[in-house]
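Colleague: Predicted model and sequence below, questions to follow.
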Amino acid sequence: MTICPTNSDHLVGIQCSDVRVAFADGTLGLDGLSADFAPGEITAILGPSGCGKSTLLRAVAGLVPVDCGQILFDGGCVAERRSDLAFVFQDAALLPWRTARENVQLPLELTGRLASHQYNSAVTQQLRQVTLTEEDEKKRPDQLSGGMRMRVSLARALVTEPSVLLLDEPFAALDELLRTRLGVLLHSLWQSRRRTVLFVTHNIAEAILLSHQILVMASGKVVERVANPLPFPRDANCRCQRAFGEVYSDLAVRLAEAQR
Amino acid sequence: MKTPLQILPMLLMAVVGIAAWQLGVVLTGAAPILLPSPACVASAAWQARQELGQGLLTTTTAALGGLVASITVGSLMAIVFSQSRLLRASLYPYAVFLQTVPVVAIAPLLITWSGYQLRTVVLVAMIISLFPIISNVTTGLLSIDPSLQELFQVYRSNRWAMLRKLRIPCAVSSLIQGARVSSGLAVIGAIVGEFFVGNGSSYAGLGTLITGWQSQQKTPALIAAVIVSAVLGLLLFGLVHLVAATILKKWHTPHAT
């Protein structure tokens, strides 16, 4: 067994080689997918619906079994590293009977990563990082707006200080303005503490603004890998840069091809 | 909570019903032994108030005991069912079987085992009100939002933590739905149990009074006992509704109750 460091400052790379995931009905979620996710980098994953983007994230998280191939963390360990990742779901997936604060606290209770007397400060820190106030944290999910729910979900994902963050279309249900705001928030969170991020989205501009590399998927495979030439830090103004336009056009063409 | 304006139509309907009853008695000229007038029933109820009061207390104890027992036993059984598909496949058909067995057929057997006492009536009330709890709570424990289930899997949550922090809280509203149905059934079970247990013993519930007054052809008092039984059913349903509203307030915002 390979022992992996669990130090929160340790950056983790992920290597997928020839990964195949088949569902119970015989359809293929992933069909021989190979991809490298560099330590501490953000990878955006684009592709048409049903191409296997979410399945890839679920396979990395160990939520679906891999039939063939392998997914390695830091070139060796699998199961150990998987306890050091967090997942943000499209629908926020908050427990409706818990307040925002109690939702953020949940991973600490489940993992036992901190002693219970340390919960308060860790949770408060994450809630403030995602700009939720003392008043907001006492509300239950049905009393929060869509954007606030997603921020609670982000805080919950970050509270265990994971090395790998998996985001499955987290902003898909939000309006354009809120998407941009939360994109900027996600970017600043990544800058304050670097971690390996896999980010599934349908939005090309969002993918370019947030990522180091962009993967285009089709039929369970990666059909295009685009290294993002835009320098960090980025803001909404970088949409005016020539490089942004070039990458956008290139990705739009690739996506159109993938959808055929 | 219903406002007086919402209760008014219901009360008006009761007044109309009583008036129609009185009119029916006058128009048909039916003998009091077949169809007594509302005034006659009220008078019989007043005269038998002590027996009715005692009967109400005994039947309430039996029905409430049966309901509490069915909630406890049914929830525990549902938790067992939710833990394994094999357990569910092996035991759930017997829970369904429990529902299909007519309680009047097994009541004499229960008396043989447990005797002519309150405990037996509670047992009958529990058996008849058990299935809605098992069925609803099992469904509630298993119908978990897939994202929430995956969230717990991401953190390598063990079976116990998932049960305590996810499945049981998710099943609370299903339990309440089951308890609403079971509250009515528990009253039916208690009265049916009393038909058998009260026969020739000192036990005095509403069911005992109903069979006794029926054999003595005291129709006005018999109807009074039936009305008190119906009121007991409503009270128990109201109690469950009140407890449910209090619990659900902690789960969701008030409009969700």
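Modeller: Nice, thanks for sending it over.

Colleague: Give me every residue in the stretch 1-150 of chain A lying close to chain B.
Modeller: Residues of the stretch 1-150 of chain A that fall close to chain B, judged by Cβ under 8 Å from any Cβ of the partner chain: A:58, A:61-63, A:82-83, A:85-87, A:89-91, A:93, A:95-97, A:106-107, A:109-111, A:140, A:142-143. Using the backbone N, CA and C atoms, a C-beta is placed for each residue, glycine as well.

Colleague: Quick one: buried ones out of these?
Modeller: In terms of neighbour count (16 or more other Cβ atoms under 10 Å in any protein chain shown), the buried residues within the residues of the stretch 1-150 of chain A next to chain B are A:58, A:61-63, A:82-83, A:85-87, A:89-91, A:93, A:95-97, A:106-107, A:109-111, A:140.

Colleague: Just the ones in strands from these, please.
Modeller: A:85-87 (DSSP state E).

Colleague: Pipe those into CSV and attach pLDDT per row.
Modeller: Output for these, formatted as CSV (pLDDT from 0 to 100):
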residue, pLDDT
A:Leu85, 90
A:Ala86, 92
A:Phe87, 93
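
Colleague: now, among the residues you listed, which is nearest to chain B?
Modeller: Distance to chain B, by Cβ to the nearest Cβ, is smallest for A:Phe87 among those, at 4.7 Å.

Colleague: Look up the residues forming beta bridges with that closest one.
Modeller: A:Leu166 (DSSP bridges).

Colleague: Flag the shaky bits of the stretch 51-200 of chain A, pLDDT-wise.
Modeller: Applying pLDDT under 70 to the stretch 51-200 of chain A picks out residues A:75, A:77-83.

Colleague: How many residues are close by residue 235?
Modeller: Chain wasn't specified; assuming chain A. For A:Asp235, the neighbour count with other Cβ atoms under 10 Å in any protein chain shown is 10.

Colleague: I was thinking of chain B, sorry if that wasn't clear
Modeller: For B:Leu235, the tally of surrounding residues (other Cβ under 10 Å) stands at 16.

Colleague: Which of the residues in the host helix or strand of it are classified as buried?
Modeller: Assigned by DSSP states H and E, B:Leu235 belongs to helix B:219-251. Within helix B:219-251, the residues that count as buried by 16+ other Cβ under 10 Å are B:219-226, B:228-229, B:232-233, B:235-237, B:240-241, B:244, B:248, B:251.

Colleague: From A:Gly245, how far off is B:Ile133?
Modeller: Applying Cβ to Cβ, to the nearest Å, the value for B:Ile133 to A:Gly245 is 63 Å.

Colleague: and A:Leu110, what does it touch?
Modeller: By Cβ atoms under 8 Å, 6 or more residues apart in numbering or on different chains, A:Leu110 lies in contact with B:152, B:155-157, B:161, B:165.

Colleague: What of A:Ala205?
Modeller: A:239, A:248.

Colleague: Secondary structure of it: a helix, I assume?
Modeller: Yes. Using DSSP: H, G, I helix; E, B strand; the rest coil, the assignment for A:Ala205 is a helix.

Colleague: can you pull the pLDDT of it?
Modeller: For A:Ala205, the model assigns a pLDDT of 89.

Colleague: Now do the strands in the stretch 51-200 of chain A.
Modeller: Ranges of strands within the stretch 51-200 of chain A are A:68-73, A:85-88, A:164-168, A:196-200, based on DSSP state E, counting those that start in this stretch.

Colleague: Can you lay out those strands as a markdown table showing distance to B:Val15?
Modeller: Output for the strands of the stretch 51-200 of chain A, formatted as a markdown table (distance: least, Cβ to Cβ, whole Å):
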| stretch | distance to B:Val15 |
| --- | --- |
| strand A:68-73 | 73 |
| strand A:85-88 | 59 |
| strand A:164-168 | 60 |
| strand A:196-200 | 64 |
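
Colleague: still on that earlier bit, looking at B:Ile133 and A:Gly245, which one has more neighbours?
Modeller: B:Ile133 (29 against 12).

Colleague: Check whether the closest residue to the more buried one other than its chain neighbours sits in a helix, strand or coil.
Modeller: In this structure, B:Ile133 finds its nearest non-sequential neighbour in B:Gly74, 2.9 Å apart by Cβ to Cβ, 6 or more residues apart in numbering or on different chains. With three-state DSSP as the basis, B:Gly74 sits in helix.

Colleague: Let me know the distance separating A:Ala122 from chain B.
Modeller: To chain B, A:Ala122 is 15 Å away according to Cβ to the nearest Cβ, to the nearest Å.

Colleague: Isn't that residue up against A:Leu114?
Modeller: Yes. Contact status for A:Ala122 versus A:Leu114: in contact at 5.9 Å, counting by Cβ atoms under 8 Å.

Colleague: so what sits against both of those two?
Modeller: A:Leu108.

Colleague: show me the contacts for B:Ile111.
Modeller: Here B:Ile111 is in contact with B:120, B:196-197 (criterion: Cβ under 8 Å, 6+ apart).

Colleague: you'd agree it is in a helix?
Modeller: Yes. Using three-state DSSP, the secondary structure at B:Ile111 is a helix.

Colleague: measure it to chain A for me?
Modeller: Counting by Cβ to the nearest Cβ - B:Ile111 and chain A are separated by 43 Å.

Colleague: rewinding a little: ok, the residue nearest to B:Ile133 to B:Val122 distance?
Modeller: Counting by Cβ to Cβ, the gap from B:Gly74 to B:Val122 is 14 Å.

Colleague: Contacts made by the one helix or strand B:Gly17 maps to with the rest, please.
Modeller: Assigned by DSSP H and E, B:Gly17 falls within helix B:4-28. Taking contacts as Cβ under 8 Å, 6+ apart, the residues outside helix B:4-28 that touch it are B:30, B:35-39.

Colleague: Apply 10 Å and report the result again.
Modeller: The contact list for helix B:4-28 (Cβ atoms under 10 Å, 6 or more residues apart in numbering or on different chains) reads B:2, B:30-32, B:34-42, B:223.

Colleague: again with stretch A:133-141
Modeller: A:92-104, A:123-124, A:127-128, A:130, A:132, A:143-145, A:148-149, A:151-153, A:155, B:250-253, B:256.

Colleague: For ChimeraX, what selects the buried ones among these?
Modeller: Here is the ChimeraX selection string for the buried members of these, based on 16+ other Cβ under 10 Å:
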select /A:92,93,94,95,96,97,98,99,100,101,102,103,104,123,124,127,130,132,144,148,149,151,152,153,155 /B:251,252
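
Colleague: now, which of the contacts of stretch A:133-141 lie within helices?
Modeller: Judged by DSSP state H, those include A:100-104, A:123-124, A:127-128, A:148-149, A:151-153, A:155, B:250-251 as members of helices.

Colleague: Can you give me the distance of the residue with the largest distance to the centre of chain A to chain B?
Modeller: Farthest-out residue of chain A from its mean C-alpha position, per Cα atoms, centre = their mean: A:His117, at 28.9 Å. Computed as Cβ to the nearest Cβ, the A:His117 to chain B distance reads 19 Å.

Colleague: now A:Gly29
Modeller: With Cβ to the nearest Cβ as the criterion, A:Gly29 and chain B are 15 Å apart.

Colleague: Equivalent analysis for A:Leu144, please.
Modeller: In terms of Cβ to the nearest Cβ, A:Leu144 sits 11 Å off from chain B.

Colleague: Identify the residues contacting that residue.
Modeller: Contacts of A:Leu144 (Cβ under 10 Å, 6+ apart): A:92, A:94, A:99-100, A:103, A:132, A:136-137, A:150-152.

Colleague: Recalculate using a threshold of 8 Å.
Modeller: Residues in contact with A:Leu144 (Cβ under 8 Å, 6+ apart) are A:100, A:136, A:152.

Colleague: And the helices in the chain?
Modeller: Went with chain A since none was named. A:53-61, A:79-82, A:100-111, A:119-129, A:146-158, A:176-192, A:204-210, A:242-259.

Colleague: actually it's chain B I care about, not the one you picked
Modeller: Using DSSP H, the helices of chain B run over residues B:4-28, B:38-47, B:49-83, B:85-100, B:103-114, B:118-142, B:146-154, B:159-162, B:168-197, B:206-215, B:219-251.
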